[in-house]
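> How does the following fold in three dimensions:
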Amino acid sequence: MQSQLNPPIVHIVGRKGSGKTALIVDLIRTLSARGYRVAGVRHSPHTHSVDAAGTDTETFKKAGAVGSALITANETDIFFPAIGWEEKCAPVRCAFYNCHLILVEGGLQNSREKIEVIPAGEKPLCAGDVNLRAVVSPDYRAYGLPSFRPDEADRLCVFIEEHYIKAAISGAIMAGGRSRRLGVNKAFLQIQGRPVIERVLETMSSLVSPVRIITNSPGEYQYLGAEVAADIRPGCGPLSGIHTALSLSPTEYVLVVSCDLPLLTADSLRPLLSEYPGFDITMYKHTLFEPLCAIYRRTCLPALEELIDHGEYRIIDLFPALTAKIIRVENTEAFQNINTQEDYERVLKKTEKSL
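Below you'll find the model as predicted:
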């Protein structure tokens, strides 16, 4: 069952002829160009039957089917009777489970997240509505709410991205502590005059928020200003950190990254951020899997706890019980970690070349 938090639904509302459709087209085009999958839905306030008498779908309904669907050469139409607003939205969320966002045209009375399009010289329909989040108008400005002109689709997309898309995912940096092979805490190894952990935190923070550091020596990381948490169930290797990150997460998805990936960049993480909706795990694979540069969903928690309860600590053992999206990559530079002095020297040489 899909969580009600995923994907978010934003309603574009307003009077007939206000420009709702044109705005949604602009938003879909702009957000899609940024790598997001966006679904568009038209809501009709009228009560009507979509099935003509004598059609198969009408026959199915008469036989007692709770819903029906029509598959044609290029689309699927789903007919699902519902009374409450959440009932109406549920099949939409299910059908578009792998989208970052659903934009609905209409739904003035019942929708929770509204952006109203207001024509020039008109007053808003949703004045005083606690669910109104922004307005789009050439001349109207709502007190205390963001206001956008119709030609500011880019600005409105930034608002939607920050408040809805990025709000679905946070970050967690796995900082286990001292490396036995290095003899020091590799999170604080210096790369171009900065500790590795600072580079990783900066990269993560440019994409998701908040970012929490998972460590069993929290005092060492307080200066960074990020949230810090110790393992809830320590002693289970990386599973302990992933379990803690998901257990404490304020979001449905968590981008999990090891603290010792100094060559990690925002560009190297964007394929994960484009593909994660709807999957329990989204992970890179080359010759090996990269479980500490991956996105996990809170739906992983029962399977994680079962493995920990039985003393099984391999991340790959999560796969049979969960849905995983595997992204194959050829360039492995971003996953170059630091386990030995030789690894450290290799990374130093690469970063020196980039100066």
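> partner residues bridging the closest residue to residue 248 other than its chain neighbours?
Once flanking residues are discounted, residue 248 sits nearest to residue 229: 5.6 Å by CB to CB, 6 or more residues apart in numbering. Every C-beta, even on glycine, is put in place using the N, C-alpha and C of the backbone. Listed beta-bridge partners, residue 229: residue 214 (assigned using DSSP bridges).
> could you check the distance from residue 229 over to residue 247?
9 Å (CB to CB, to the nearest Å).
> same check, this time on residue 150
44 Å.
> Got the domain ranges for this structure?
Following automatic domain parsing, one finds the domains of the chain at 9-151, 167-353.
> For those, could you give me CSV that also reports mean pLDDT, mean neighbour count and distance to residue 157?
Listed next are the domains of the chain as CSV, based on pLDDT from 0 to 100; neighbours: other CB atoms under 10 Å; distance: least, CB to CB, whole Å:
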stretch, mean pLDDT, mean neighbour count, distance to residue 157
domain 9-151, 87, 15, 5
domain 167-353, 92, 18, 14
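> what about the helices in the stretch 1-150 of the chain?
20-33, 56-62, 85-95 (DSSP state H, counting those that start in this stretch).
> Other residues contacting the helix or strand containing residue 305?
Following DSSP states H and E, one finds residue 305 within helix 301-309. The contact list for helix 301-309 (CB atoms under 8 Å, 6 or more residues apart in numbering) reads 233, 236, 239-240, 242-243, 246-247, 313-314, 317-318, 321-322.
> Save these as a markdown table, and put in secondary structure too.
Formatted as a markdown table, those follow (DSSP: H, G, I helix; E, B strand; the rest coil):
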| residue | secondary structure |
| --- | --- |
| 233 | coil |
| 236 | coil |
| 239 | helix |
| 240 | helix |
| 242 | helix |
| 243 | helix |
| 246 | helix |
| 247 | helix |
| 313 | coil |
| 314 | coil |
| 317 | helix |
| 318 | helix |
| 321 | helix |
| 322 | coil |
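> Those residues: which two are farthest apart?
Pairwise distances across these peak at 19.6 Å for 247 and 314 (criterion: CB to CB).
> quick revisit: so how far is the helix holding residue 305 from its chain's centroid?
Put simply, helix 301-309 sits 23 Å off its chain's centre (CA atoms, centre = their mean, to the nearest Å).
> Format the CA atom coordinates belonging to it as CSV.
Extracted in CSV, the C-alpha atoms of helix 301-309 (Å, rounded to 0.1, in the frame of the first residue of the first chain):
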residue,chain,number,x,y,z
LEU,A,301,12.0,-0.8,8.6
PRO,A,302,10.1,-4.1,9.3
ALA,A,303,12.5,-6.1,7.0
LEU,A,304,15.5,-4.3,8.7
GLU,A,305,14.3,-5.2,12.1
GLU,A,306,13.7,-8.8,11.2
LEU,A,307,17.3,-9.1,9.9
ILE,A,308,18.7,-7.5,13.0
ASP,A,309,16.6,-9.7,15.3
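> Partner strands of the helix or strand just after that helix and their direction?
With elements assigned by DSSP H and E, the helix or strand that comes after helix 301-309 is strand 324-328. Sheet pairing for strand 324-328, assigned by DSSP bridges, gives strand 281-285 (parallel).
> the inter-axis angle of the strand it pairs with versus helix 301-309?
Interaxial angle, strand 281-285 versus helix 301-309 (axes from the mean of the first three to the mean of the last three CA atoms, to 10 degrees): 70 degrees.
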